[in-house]
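Novice: Quick one: sequence and predicted model below, then my questions.
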Amino acid sequence: MTAETSMRDAVVIGGGLVGAAIAWGLARQGLKPLVLDEDDLARRASRANFALIWVQGKGARAPHYARWTLGSARSWPGFAEELTQLSGIDIKLRQPGGFTLCLSDAELEDNAATLAGIRRDTGGEGASFEILDHRRTAELLPGLGRAVVGSTYSSEDGDVNSLRLFRALHVAMARSGVSYRAHSRVETIHYSGGLFRLEGPWGTVEAQKLILAGGIDNGRLASMVGLNVPLQHSKGQIVVTEKLAPFLAYPLGTLRQTDEGGVMIGDSEDTVDTSPRADPAINAVMVRRAIQMFPGLADVNMVRSWAGFRVKSRDGLPVYEQSAACPGAFVAVAHSGVTLAAAHALALAPQIAAGPLSRELSPFSTARFHVQAAA
Ligand SMILES: Cc1cc2nc3c(=O)[nH]c(=O)nc-3n(C[C@H](O)[C@H](O)[C@H](O)COP(=O)(O)OP(=O)(O)OC[C@H]3O[C@@H](n4cnc5c(N)ncnc54)[C@H](O)[C@@H]3O)c2cc1C
């Protein structure tokens, strides 16, 4: 490949859900960003996720995160409409509310206490919720197993077809003037005289603004612009059944029927294993629990399973920050990149385009990790 140098008003490193949402959002502000991405087989959370737009339980002891998540969920209808109009792709958004099913009284009490805590800590602005017993839950979820003692329901939860969302964002990017370049892993970043110089075997690019959205590579990338972004290892697995007639009108935190009919099951987290393969023993636990919730699933074929790596900071909350050492460089880390796609495109990107991030986003800076380290 011929080496080349070009100058851009903004470069986004990473073309996953976070980078694509931000790049499209920057284009909506009149910029002409370039997205540099890796190859098809790169580790990419955006092709491995569960596709929930989920507010329930988000923001325990972090009211800023509860508000940010809820704001994104509420922006989703307008975001989806604009994206669908521009891309011509129906991303199958539905926000009918969602359930967290509980298999013991203790689980239900714990869950309800967490949701109540979020409401309290946000001064009542957090997602509202209801606690339902088995009978009421079964009325809304036909086929529910006797093992489910009850549930919590929040009317603001939903889901989407995540692969269609990913595709729609890339089509929208292209139609809005964003350039996208695959096979372009950024190896080094240099900052001088207010410009960023990015290099890899594919060539060199210079940029006035730089957005780091490289998923699990963001720790390494951030260190090159003077930021310390501690990430934790988090592997998740998903199992999918054969296609079934529609039976589940609502998404659940651990189980959902897609618009195409398959049932996705998955809520595992492994903080040690780095293998990209799904562990059958973990799948067995997830499926056993799913069958307790819906005994009819015992007669259904499981046809696929995969593992993915979440993009998760040390405390699990997003990281958004502009580098003080290299102004113009921003980092974006989010382990709920589907839920937050609307916020990234419609709220974060305009701030990046304008310059400084708002006070609303300051609790998401890496300063919170430095305080902990010094304590
Ligand atoms: C099992 C699982 C279930 C999940 N379920 C949900 C859910 O239900 N709801 C929800 O909201 N979120 C969910 N998530 C999280 C969501 O998928 C992620 O938050 C989101 O995909 C992160 O997007 P990203 O763009 O940051 O990262 P990625 O999708 O990993 O993309 C990063 C991109 O950067 C590229 N890249 C990396 N390094 C470089 C480099 N040096 N140069 C150039 N390019 C580079 C990579 O090739 C990749 O394309 C789930 C994740 C997993 C794994």
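Specialist: Nice, I can see it.

Novice: need the residues of the protein near the ligand, please.
Specialist: Contact residues, the chain versus the ligand (Cβ under 6 Å from any ligand atom): 13-19, 36-38, 42, 44-46, 48-52, 54, 185-186, 213-215, 217, 221, 236, 238, 308-311, 334-339. Yep, even glycine has a C-beta here, placed from its N, CA and C like the rest.

Novice: just checking, which of these belong to helices?
Specialist: Among the residues of the chain next to the ligand, DSSP state H puts L17, V18, G19, L221 in helices.

Novice: Can I get those in a markdown table including pLDDT, neighbour count and distance to M173?
Specialist: A markdown table is the format used below for these (pLDDT from 0 to 100; neighbours: other Cβ atoms under 10 Å; distance: Cβ to Cβ, whole Å):
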| residue | pLDDT | neighbour count | distance to M173 |
| --- | --- | --- | --- |
| L17 | 98 | 27 | 12 |
| V18 | 98 | 28 | 13 |
| G19 | 98 | 28 | 9 |
| L221 | 98 | 24 | 20 |
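
Novice: out of those residues, who's nearest A347?
Specialist: For those, the residue nearest A347 by Cβ to Cβ is V18; the value is 13.3 Å.

Novice: That closest one - nearest residue in space that isn't next to it in sequence?
Specialist: The shortest distance from V18 to any residue that is not its chain neighbour, by Cβ to Cβ, 6 or more residues apart in numbering, is 4.5 Å, and that residue is A213.

Novice: what's the pLDDT at that neighbour?
Specialist: The predicted structure scores A213 at 98 on the pLDDT scale.

Novice: Offset the numbering so it begins at 55, please.
Specialist: Sure thing, new numbering starts at 55, so read that last one as A267.

Novice: now the helices: where do they sit in this structure?
Specialist: In the chain, the segments counted as helices under DSSP H are 71-82, 117-141, 159-175, 188-194, 216-229, 272-277, 334-347, 395-397, 403-408, 421-428.

Novice: ok, how many other residues are close to the closest residue to the ligand within the stretch 305-429 of the chain?
Specialist: Sorted by distance to the ligand under Cβ to the nearest ligand atom, the residues of the stretch 305-429 of the chain start with G391, at 2.7 Å. Taking other Cβ atoms under 10 Å as the neighbour definition, G391 ends up with a count of 27.

Novice: Identify each buried residue in stretch 223-232, please.
Specialist: Applying a neighbour-count criterion of 16 or more other Cβ atoms under 10 Å, the buried positions in stretch 223-232 are L223, H224, A226, M227, S230, V232.

Novice: wouldn't the third one be in contact with W78 here?
Specialist: This points to A226. Yes. Counting by Cβ atoms under 8 Å, A226 touches W78, with 5.1 Å between them.

Novice: ok, back up a step: I'd like to know which of the residues of the chain next to the ligand are buried.
Specialist: 67-73, 90-92, 96, 98-100, 102-106, 108, 239-240, 267-269, 271, 275, 290, 292, 362-365, 388-393.

Novice: list the contacts for the residue in the chain that the ligand sits nearest to?
Specialist: Nearest to the ligand in the chain, going by Cβ to the nearest ligand atom, is G70, at a distance of 2.2 Å. With contacts defined as Cβ atoms under 8 Å, 6 or more residues apart in numbering, G70 is in contact with R98, A99, S100, F220, A267, G269, V365, G391.

Novice: Pick out the most distant pair among the residues you listed.
Specialist: Taking Cβ to Cβ as the measure, the contacts of G70 span a maximum distance of 14.4 Å, between F220 and V365.

Novice: Can you give me the neighbour number for the nearest residue to A120 once chain neighbours are set aside?
Specialist: In space, not counting the residues next to it along the chain, A120 is nearest to G113; the distance is 2.6 Å by Cβ to Cβ, 6+ apart. Applying other Cβ under 10 Å, we find 24 other residues in the vicinity of G113.

Novice: same deal with the one 4 residues further on?
Specialist: Residues contacting P117 under the criterion other Cβ under 10 Å number 19.

Novice: Also the one 5 residues further on?
Specialist: A count of neighbours around W122, defined by other Cβ under 10 Å, yields 27.

Novice: Next, format the helices of the chain as a markdown table and append distance to T258.
Specialist: Written out in a markdown table, the entries for those read as follows (distance: least, Cβ to Cβ, whole Å):
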| stretch | distance to T258 |
| --- | --- |
| helix 71-82 | 20 |
| helix 117-141 | 31 |
| helix 159-175 | 46 |
| helix 188-194 | 57 |
| helix 216-229 | 22 |
| helix 272-277 | 16 |
| helix 334-347 | 43 |
| helix 395-397 | 30 |
| helix 403-408 | 23 |
| helix 421-428 | 32 |
